[in-house]
Every structure is written in structure tokens, then in C-alpha cells.
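Undergrad: After the sequence you'll find the predicted model.
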There are 2 protein chains.
Amino acid sequence: MNYAEFKKITVLHMKNNSQEAFTENRKDIRVKKEKTVVKNLERIFDATLKIGNEKGFHAMSMRDLSEETGLSMGALYAYFSSKENLMVMLQRNGRDSFQQILEQSVDKDASPLENLRTVIKTHLFMSEAMQPRFYFTYMEGKNLNKVEKKVAVEHELLSDGILVKILQEGQKQGIFKPQNHSLTTALIKATLNDWYLKRWKYAKLNVSVDDFAEYLLSIIEAFCLIQPLPENTQSHQAG
Amino acid sequence: MNYAEFKKITVLHMKNNSQEAFTENRKDIRVKKEKTVVKNLERIFDATLKIGNEKGFHAMSMRDLSEETGLSMGALYAYFSSKENLMVMLQRNGRDSFQQILEQSVDKDASPLENLRTVIKTHLFMSEAMQPRFYFTYMEGKNLNKVEKKVAVEHELLSDGILVKILQEGQKQGIFKPQNHSLTTALIKATLNDWYLKRWKYAKLNVSVDDFAEYLLSIIEAFCLIQPLPENTQSHQAG
DNA sequence: GTCTATACACAGATAGAC
DNA sequence: GTCTATCTGTGTATAGAC
């Protein structure tokens, strides 16, 4: 699987986030016509991500948001009860489907190595397809209240668990070395996050998301596999 | 070298940051008595890092800062011309000495492998010793103005250059594989940053900074070295 | 369901006494 | 060199017309 193939398959699941947000927040939203809500929530989310990533969520004023969405301030407050509530909605939205897509990408009949490759690519490709959302979630997560922060941490541990389980299974099957799989996973995650956090660097290095995936996987395999794979024919020569 | 040893050697260089800030910003600071400036700048920096890391720099009001430092708002503005100026001072402060310490840690007579180990540990240990500063710089860097953002990027590339050079030298000497050293470096940096960005995770995993260093290095060596080292005797068994 | 107009709290910043 | 008091702009949020 490469990014182009991934996009064809999964892009449909991901665009329906505001529909999901409607059902999740129905009771807090004053507007009742579903079609209107879905349309405007999408505008509000997109605008918030755009402005928020440009100058930070806190620095974004409701007047900024009003201008970017084309909705008046009065109208905006029909869709959320406070600015903080908007932040919480955005942080929650998409998390469950993200986790779901990751879990579904695991194939019980496939080898741990195949699953490792699939999960890492799926994670990477999703962050590529929804870069503004991932960036926003990472950078603004620290400003959440205690409860929401805890929820965020639990989700992260849940998603880490997918990789840990694959590494453990690989060890059981005798193809991965016995190592600290939680720590390996943490380090893998750090590099996966870097892809959407430091776009400018990878653009400068002229590295595509497919390049990135293969390179990262070759590192992981060099470290985890007992039986090293034959050297890749394509050269990774430095620039 | 482990963290305890590092701290003994280098801690002196790092605590004099406000002294450095005095000479760098002398012309913008209204107060002229050096001793007073150094003392109060340190309080201001510490307080800004503390509050900034708790709720974000933008959300910190000057009244918050006044309370935390014990200085009045009027007094605060004798040390910087605006809130943004305070941010810029904080971002600049320590960067040069960070780069310097990293560069000085490289030993021309040592092998590339030794230098790789030293630089990575130095980076990691410095971020451990000054975690609030590193966290703040990373998280608030995106809110800088264009010029300062560019400076930050250039500094990052400069510091990446140290590792790239070591990897290239290792390849030249025939002990590292020919690879995309810039990309390897980017991925190493991503994991190094994770150490101070995701403290909660490594605390939960019960991983010390020395554990982290050794584990990361074992991954890098597995990927980069042509001649693999003999397996470590200490087990990395997962918990 | 969306708008305009406005309330009012709080932000950053400064003047001038001490 | 530091303080208190205050200016002025901007922030979030809402009331009430349409």
C-alpha cells in the first residue's frame, strides 16, 4: 500500500466528521436542522483549524472565526456554548474514527511484520490526509482542561496498544527480538508525529510520505527483526 | 557518560542564562544595575516558563506574571518592551549556548560512533536538565513572528548538521551504511524531542533518561552500523 | 436560523509618584 | 528601580429584532 492507494480507499470515511459531530453534540447545538448543522459545523471546524494553526487557538478571536466562516458571532454561538466547548468538540471529533480505522487495519491472518507495516502506514497516511487536524490536536491538546486531557492521554495509550500488541505477537512467533515493546512503540510514535509536526523539514529534504514510511520501516525492521531482510535494492544515499 | 555525570560537568554553563540575556538585551532593558537585572530576569524567565507551560504563553496575563514574580506590572516593563519581546528574549536565550555545548561535545579524535553516542546523550541530557525551557521553546515557537521563526528553523538545521556530519564521516570511514543521513537525523531528533514533550509517557513506562539514551542508541546502531555490535547483555524485556 | 448591537470583563501598556 | 492607578483596545458572550 502507498499513499495514493490509501487515499482512494479511506478518504470517504474521513470526510464525514461533521456528521459525526452533529450526533455527538446534538443536545448542545441550538440549531436543529441536520443538514444546516453538518454544513456549518464543517465550515466552523475548517476555519478553526486554519486560523488555529496559523496563530494558535487562543489568539484566534471569535471575530476572526466569524469572518472566516461567513457566519455572524451570534450564529456561531448557536453551534457551541463557549470557545472552550468548540475546542473540546474539535479535539474529540475524529478521534474515535481514527482509532477505529487503525484497529481495522490490523489483519488477524497476516504476519506481525505485515501488520506492523500496515498500522504504521495507516497512521502516517491518515495524518497526511488530515494534517491540519493532527497538528491542531497535538499543539492545542496541552490547553485542555484536566478531564479532557486525561481522555486524550487514554486515547493515545489505546492507540499505542495496537503497536505494542503486534510487537508482542511477533516476539511470541519468534520473528521479533524480545525488547521493551512499549518503549519501541513510543519512539515509533514520536517519529510518526514528526511527519505532521515538522512538515517544512521533510519538504526541504524532498521526502515524500511514501519515502518516509519506507525509511522508518527499514529502521524498525533493522532493530526488531531476528532474521534481517535482504538489503533493499533502492539506495538511500544521502543528499 | 550518564546523566548524573553530565550534570556535574555542564550544569554550571547552563544556569548563567540570565547573565547572557542581560548582555544581549542591554539596550532594551531600562534597569541598568547588572546584579538587579540578572536576578530579576531569572525570576521573570522562570515564572514565564512555569505559567507558560501550565496554560500557554498567550493565556498568561501580565498580571499572572506580576503575581508569580513578585514584581509589579510597571517593574516588569522595565525588563522588556512588550509581551512579544519577552517571548523573543526567552526563545533566543540559551539557543546559542545549546548549540555551542553540542558542538563542543564532538571530539575530533574520537570515532564517529563515539561521537554519535556523545552528541545524542548531550542533547538528551540538556533537555532533561532544562525541560521547561525546551518544552516552552517547542510549543510556543509556532507563535513567533516570521523573522524569529526563520531564525529558529535555521538553528534547528544547524544543530541537525552536527549529526549529519557525524553520520557522513562514519560512512566515509566504512563503519556506517550509506543512507539518507539527513532523514536519519530528522528521525533521531523527533525521538529526542519526544523525551521532553511526552514526559508523562516515559514516567508511566518507568524509563529513565539513561534507559532512553541507551535504547535509542541501540536502535540507531542496529540501523546504521555495518558491523553489528555484540548483543547487549542487559535484557530489554517488555513490561 | 441568522443578524446587529451591545454589555462588560480583562487584556497590554504607560504615566507619574515615591 | 519599583510602585499604584489608570488609559484604551479587544476579548467573549448575549439580547432581541428579523
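TA: Received the coordinates, thanks. Residues are numbered from 1 along each chain as shown, chains lettered A, B, ... in the order given.
Undergrad: Could you export stretch A:155-173 as PDB, CA atoms only?
TA: Provided in PDB are the C-alpha atoms of stretch A:155-173 (Å, rounded to 0.1, in the frame of the first residue of the first chain):
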ATOM      1  CA  HIS A 155      -6.700   7.600  23.700                       C
ATOM      2  CA  GLU A 156      -3.000   7.800  23.000                       C
ATOM      3  CA  LEU A 157      -2.300   4.800  25.200                       C
ATOM      4  CA  LEU A 158      -5.000   2.900  23.400                       C
ATOM      5  CA  SER A 159      -3.600   3.600  20.000                       C
ATOM      6  CA  ASP A 160      -0.100   2.800  21.300                       C
ATOM      7  CA  GLY A 161      -1.500  -0.500  22.400                       C
ATOM      8  CA  ILE A 162      -2.200  -1.600  18.900                       C
ATOM      9  CA  LEU A 163       1.500  -1.500  18.000                       C
ATOM     10  CA  VAL A 164       2.600  -3.000  21.300                       C
ATOM     11  CA  LYS A 165       0.400  -6.000  20.800                       C
ATOM     12  CA  ILE A 166       1.700  -6.500  17.300                       C
ATOM     13  CA  LEU A 167       5.300  -6.400  18.600                       C
ATOM     14  CA  GLN A 168       4.500  -8.900  21.400                       C
ATOM     15  CA  GLU A 169       2.800 -11.200  18.900                       C
ATOM     16  CA  GLY A 170       5.900 -11.100  16.700                       C
ATOM     17  CA  GLN A 171       8.100 -11.900  19.600                       C
ATOM     18  CA  LYS A 172       5.800 -14.900  20.500                       C
ATOM     19  CA  GLN A 173       6.100 -16.100  16.900                       C
END
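Undergrad: Distance from that stretch to the middle of the chain?
TA: 17 Å (CA atoms, centre = their mean, to the nearest Å).
Undergrad: Same check on stretch A:124-138?
TA: Relative to its parent chain, stretch A:124-138 has a centroid offset of 5 Å by CA atoms, centre = their mean.
Undergrad: I'd like to know the average pLDDT value across it.
TA: Across stretch A:124-138, the average pLDDT comes to 97.
Undergrad: mind checking the end-to-end distance for that stretch?
TA: For stretch A:124-138, the first-to-last residue distance is 15 Å (CA to CA, to the nearest Å).
Undergrad: Check what pLDDT the residue nearest to residue A:131 when sequence neighbours are not counted gets.
TA: Nearest non-adjacent residue to residue A:131, counting by CB to CB, 6 or more residues apart in numbering or on different chains: residue A:196, 5.0 Å away. In this view, the C-beta of every residue, glycine as well, is placed from N, C-alpha and C. pLDDT for residue A:196: 98.
Undergrad: show me the contacts for residue A:196.
TA: By CB atoms under 8 Å, 6 or more residues apart in numbering or on different chains, residue A:196 lies in contact with A:127, A:128, A:131, A:134, A:135, A:138.
Undergrad: likewise residue A:195?
TA: Residue A:195 neighbours (CB under 8 Å, 6+ apart): A:124, A:127, A:128, A:202, A:209, A:212.
Undergrad: Tell me which other helices or strands whichever strand or helix holds residue A:152 touches.
TA: Assigned by DSSP states H and E, residue A:152 falls within helix A:146-172. Contacts defined by 3 or more CB pairs under 8 Å, 6 or more residues apart in numbering or on different chains; DSSP states H and E place helix A:146-172 against helix A:83-92, helix A:95-105, helix A:112-129, helix A:181-197.
Undergrad: where does chain A have its least confident helix or strand?
TA: Least confident helix or strand, chain A: helix A:3-15 with a mean of 82, by mean pLDDT, DSSP states H and E.
Undergrad: Whatever helix or strand comes next after it to helix A:95-105, inter-axis angle?
TA: Next along the chain after helix A:3-15, taking DSSP H and E as the criterion, comes helix A:17-25. Put simply, helix A:17-25 runs at 120 degrees to helix A:95-105, going by axes from the mean of the first three to the mean of the last three CA atoms, to 10 degrees.
Undergrad: Could you check the helix or strand following helix A:17-25 against DNA strand C for contacts?
TA: Sequence order places helix A:34-55 as the next helix or strand after helix A:17-25, per DSSP H and E. Yes: using CB under 7 Å from any atom of the strand, helix A:34-55 comes into contact with DNA strand C via A:36, A:37, A:40.
Undergrad: on that earlier part again, for DNA strand C, find the nearest of the helices and strands packed on helix A:146-172.
TA: Of all the helices and strands packed on helix A:146-172, it is helix A:83-92 that lies closest to DNA strand C, at 13.1 Å by CB to the nearest atom of the strand.
Undergrad: Wondering if that closest one reaches chain B at all.
TA: No: using CB under 8 Å from any CB of the partner chain, helix A:83-92 stays clear of chain B, coming no nearer than 11.3 Å.
Undergrad: quick one: that helix to helix A:34-55, angle?
TA: Using the same axes, to 10 degrees, helix A:83-92 lies at 90 degrees relative to helix A:34-55.
Undergrad: Measure how buried the residue nearest to residue A:201 when sequence neighbours are not counted is and give me the count.
TA: In this structure, residue A:201 finds its nearest non-sequential neighbour in residue B:186, 5.7 Å apart by CB to CB, 6+ apart. Residues contacting residue B:186 under the criterion other CB atoms under 10 Å in any protein chain shown number 25.
Undergrad: Could you do residue A:117 as well?
TA: The burial count for residue A:117: 19, using other CB under 10 Å.
Undergrad: In this structure it contacts residue A:218, no?
TA: No: counting by CB atoms under 8 Å, residue A:117 stays clear of residue A:218, with 10.6 Å between them.
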